[in-house]
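>>> task: produce atomic coordinates for the following.
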Amino acid sequence: MNKENRDFFWPSYVDLMTALFLIMLVLFVLSFKMFRDKDAENRRNIALMQVEIQEKRKLDEIKAALARLDGRYFQYNEKYKRHELLVDVLFDQSSATIPQRSLAPLRRAGEELSRVINSIKKTDVKYLIVIDGRAATFPKGDARNITQREYALELSYKRALALLQFWRNAGIRFPADRIELIASGSGFEGAGRTGDVRDRRFVIQVLPKVGTLETREEN
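Residues are numbered from 1 along each chain as shown. Take a look at the predicted model:
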């Protein structure tokens, strides 16, 4: 190799090695970043799994507690995944006044629900207790099923509100920091309807909510 070739070879060789070094350095940085990102993602996934496991344990504790509800007053409806009130509350037509015969068992049912809810160890799990009022539809094809739909919603809400107020007046209390008690009316709608006068009743659903649920004092 003559002097001219040597003078050309070594600068080219140094440039090549420098370029390869820079490529390797970039690949190393990218690989390290990908590793750190993957590690962070794995850590987030593990943390999320731990939270989900904790939440499932809490929900299992709640389900176990609710399973202790007295079967004379409540039953779990597997089909609709809800706890339902068994007390026979058959309202008179177009009335939101709870029948006198139903007051005593309703009070015992409220006391039973309060006892079970208050027996659950205090956690960050909140609950919605939904009192769902209902109204019976008219025979199939009757135009009033359409024209009186809004009235049925109002009536069914008043029925639910009647129970909520009855429990309050009876001194039945639920932990205010964990419970939001809601009166609602589904009118002619709602799953699990019988299609006859028995739909004038209402159902009670206990819905556990894991996480933050704003609770507010009810007037």
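>>> near N145, how many other residues are there?
14 (other C-beta atoms under 10 Å). Where C-beta positions appear, they are placed from N, C-alpha and C, glycine not excepted.
>>> please identify which helix or strand holds it.
Using DSSP states H and E, the element containing N145 is helix 144-147.
>>> what's the helix ranked longest in the chain packed up against?
The longest helix of the chain (DSSP state H) is helix 3-66. Counting contacts by 3 or more C-beta pairs under 8 Å, 6 or more residues apart in numbering; DSSP states H and E, helix 3-66 is packed against helix 100-119, strand 125-133, strand 202-210.
>>> quick check: mean pLDDT across that helix?
The predicted model gives helix 3-66 an average pLDDT of 74.
>>> what residue spans form the domains of the protein?
The chain breaks down into these domains under automatic domain parsing: 1-66, 72-210.
>>> just the ones you listed: most buried one?
domain 72-210 (a mean of 16; mean count of other C-beta atoms under 10 Å).
>>> before we move on, the earlier item: in JSON lines, list the helices and strands packed on helix 3-66 along with mean pLDDT.
Putting these into JSON lines (pLDDT from 0 to 100) gives the following:
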{"stretch": "helix 100-119", "mean pLDDT": "90"}
{"stretch": "strand 125-133", "mean pLDDT": "82"}
{"stretch": "strand 202-210", "mean pLDDT": "72"}
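>>> save these as CSV, and put in distance to A160 too.
Listed next are those as CSV, based on distance: least, C-beta to C-beta, whole Å:
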stretch, distance to A160
helix 100-119, 12
strand 125-133, 3
strand 202-210, 5
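>>> out of the ones you listed, nearest to T18?
When these are ranked by distance to T18, counting by C-beta to C-beta, first place goes to strand 202-210 at 57.5 Å.
>>> partner strands of that closest one, with direction?
Next to strand 202-210 in the sheet, as set by DSSP bridges, lie strand 125-133 (antiparallel).
>>> cool, thanks, talk later.
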